[in-house]
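**Q** Predicted model and sequence below, questions to follow.
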Amino acid sequence: MTFVSIFAVSAAFAQVKNVKKAYKLSEAYENPDFDQAETLIEEALTDPSTKDDPYTWWVAGHIQDRKIAWENEKFASGQSADRDLQNEAAYKAYDYFLKSTELEKLPDAKGKISDKLTKKISATLAWYYKNFLIFNHGLKSAEYEDYNTTINALTKHLAIVDLPFMQNYKGNSDAPKPAKDTTYYKIKYYQAIYTSLAGKNDEAITQLEALKNKGYKENEVYQYLYNLYRDKKDSVNMMKILSEGIERFPNEVVFLGLTINVYLEKGKKQDALNMLNKAIERNPSNAEYYTIRGQINRDLGNADAALKDYDKAISLNPKKTVYYYNKGEFLYYKGVDLYAVAANTKNPADASRLKAQVKQYLGEAKENFNKALQIDEKDVQSLRMLRNIATQEDNQPEYNRLSKRIKELE
């Protein structure tokens, strides 16, 4: 044997010893030396003699896992445990363990395939999943706006469920078999949100589209998709999502409201009105639809129809301030507009008749604003409108009283 080959064998043997030593250092009953263990195993992970051994990678993951166990032991003895350290250790262990399972699938020198380490890893990852360690590391990273790490952590946590070797895992009381339950889809939702926050909107859209019928915050999923498509100026998919939202959530006003806003932004008021008419036909007891239609009828100059819609909304839900406010504001501006006409009317009799109508409109407006305040005494919008009426009526004491109240609330 040549000197070079002897040296190579010696170096390889040294790395094998380092793997064993790293394991022992992490397993020390008192004061395990994790730093030294990590230093030794890092060398072994790149050395040709040990880098393709599944045991090497398992030890690398096990060192991280021992950090978690050590913190739990400290906690059990009355000391404080570093939960952030535990979560980060699980995050690091994941990649080491996956590499170990990949290598263990390959035949060894004798042509045999083992799953001894994979079985251990399955139970460990199931325990991480149950206790949300990797997920929690992601949330911690989000606090520092490190969204890429957050996304990576949440992706790892979620991936545990679908790992091929986890399909054969039976589970136990401490580490049950990971499942796609409500919490799973909740985390999928978080994953999409953080993906969007990281500026990866196309990926976020794909993730949210996959969540549309999974039973977790579906209403918010549709709304978030609408916002992302709107930001992309993808009007086709934006309108598609709104249309789906209206069908999926017929009792929710938000999607109908957003659709109507799109029509109004494009100046298509009649289209918006037609859509509302159809919505009311489907759900004639939804007060929100009537108050929105009242606003559109008002914009279209259909005063009588607008007033009728406001009254219908109030009759369906007499406990909502905005319905009284909308009607009161409508009546107020009717009065203001008519006052301008009266001021320019030269015939005294006609002017007097118009001013009487103004007084009636303002009185009815005042009545509606006061009803809104009976429901919510802190309704600043209604207080401001009453102050406007006090100005119209030249009622300085009332104006001062309302101004004082508004200042208290602002």
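**A** Looks like it arrived, so ask away.

**Q** Stretch 106-124: which residues count as buried?
**A** For stretch 106-124, a neighbour-count test (16 or more other CB atoms under 10 Å) marks 117-118, 120-122, 124 as buried. Quick note: C-beta positions are derived from backbone N, CA and C, even for glycine.

**Q** Looking at these, which are in helices?
**A** Secondary structure from DSSP state H places 117-118, 120-122, 124 of these in helices.

**Q** ok so, going back, quickly name whichever of the buried residues of stretch 106-124 is closest to Gly78.
**A** Thr124 (26.1 Å; CB to CB).

**Q** I figured that closest one hits Phe97, correct?
**A** Yes: the criterion here is CB atoms under 8 Å, and Thr124 meets it with Phe97 at 6.8 Å.

**Q** anything in contact with each of these two?
**A** Common neighbours of Thr124 and Phe97 are listed as Gly61 (criterion: CB atoms under 8 Å, 6 or more residues apart in numbering).

**Q** quick one: Leu300 and Val236, what's the gap?
**A** 27 Å (CB to CB, to the nearest Å).

**Q** Please apply the same query to Leu383.
**A** Look at Leu383 and Val236: by CB to CB, they are 44 Å apart.

**Q** Give me the more crowded residue out of these two.
**A** Higher neighbour count among Leu383 and Val236: Leu383, with 22 against 8, using other CB atoms under 10 Å.

**Q** which element is that one on?
**A** Element membership for Leu383 (DSSP states H and E) is helix 380-392.

**Q** Extract the CA atoms of that helix and return them as PDB.
**A** This file holds the C-alpha atoms of helix 380-392, laid out as PDB (Å, rounded to 0.1, in the frame of the first residue of the first chain):
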ATOM      1  CA  VAL A 380     -69.300  61.600  13.900                       C
ATOM      2  CA  GLN A 381     -70.500  61.600  10.300                       C
ATOM      3  CA  SER A 382     -74.100  62.200  11.500                       C
ATOM      4  CA  LEU A 383     -72.900  64.800  14.000                       C
ATOM      5  CA  ARG A 384     -71.100  66.700  11.200                       C
ATOM      6  CA  MET A 385     -74.200  66.700   9.000                       C
ATOM      7  CA  LEU A 386     -76.300  68.000  11.900                       C
ATOM      8  CA  ARG A 387     -73.800  70.800  12.300                       C
ATOM      9  CA  ASN A 388     -74.200  71.600   8.600                       C
ATOM     10  CA  ILE A 389     -78.000  71.800   9.100                       C
ATOM     11  CA  ALA A 390     -77.400  74.100  12.100                       C
ATOM     12  CA  THR A 391     -75.400  76.300   9.800                       C
ATOM     13  CA  GLN A 392     -78.200  76.400   7.300                       C
END
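
**Q** Show me what counts as buried in the very next helix or strand once past it.
**A** Following helix 380-392 in sequence order, the next helix or strand is helix 396-409 (DSSP H and E). Within helix 396-409, the residues scored as buried using 16+ other CB under 10 Å are 399, 402, 405.

**Q** May I see the residues you listed arranged in JSON lines, with pLDDT as well?
**A** JSON lines is the format used below for the buried residues of helix 396-409 (pLDDT from 0 to 100):
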{"residue": "Tyr399", "pLDDT": "96"}
{"residue": "Leu402", "pLDDT": "96"}
{"residue": "Arg405", "pLDDT": "96"}
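
**Q** Mind picking the one among the residues you listed that's closest to Leu273?
**A** Leu402 (35.1 Å).

**Q** so what's the closest one up against?
**A** Contacts of Leu402 by CB under 8 Å, 6+ apart are 383-384, 386-387, 390.

**Q** For Ile113, see how far away the closest residue to it other than its chain neighbours is.
**A** Closest residue in space to Leu402, ignoring its immediate chain neighbours: Arg387 at 4.1 Å, by CB to CB, 6 or more residues apart in numbering. Taking CB to CB as the measure, Arg387 and Ile113 are separated by 82 Å.
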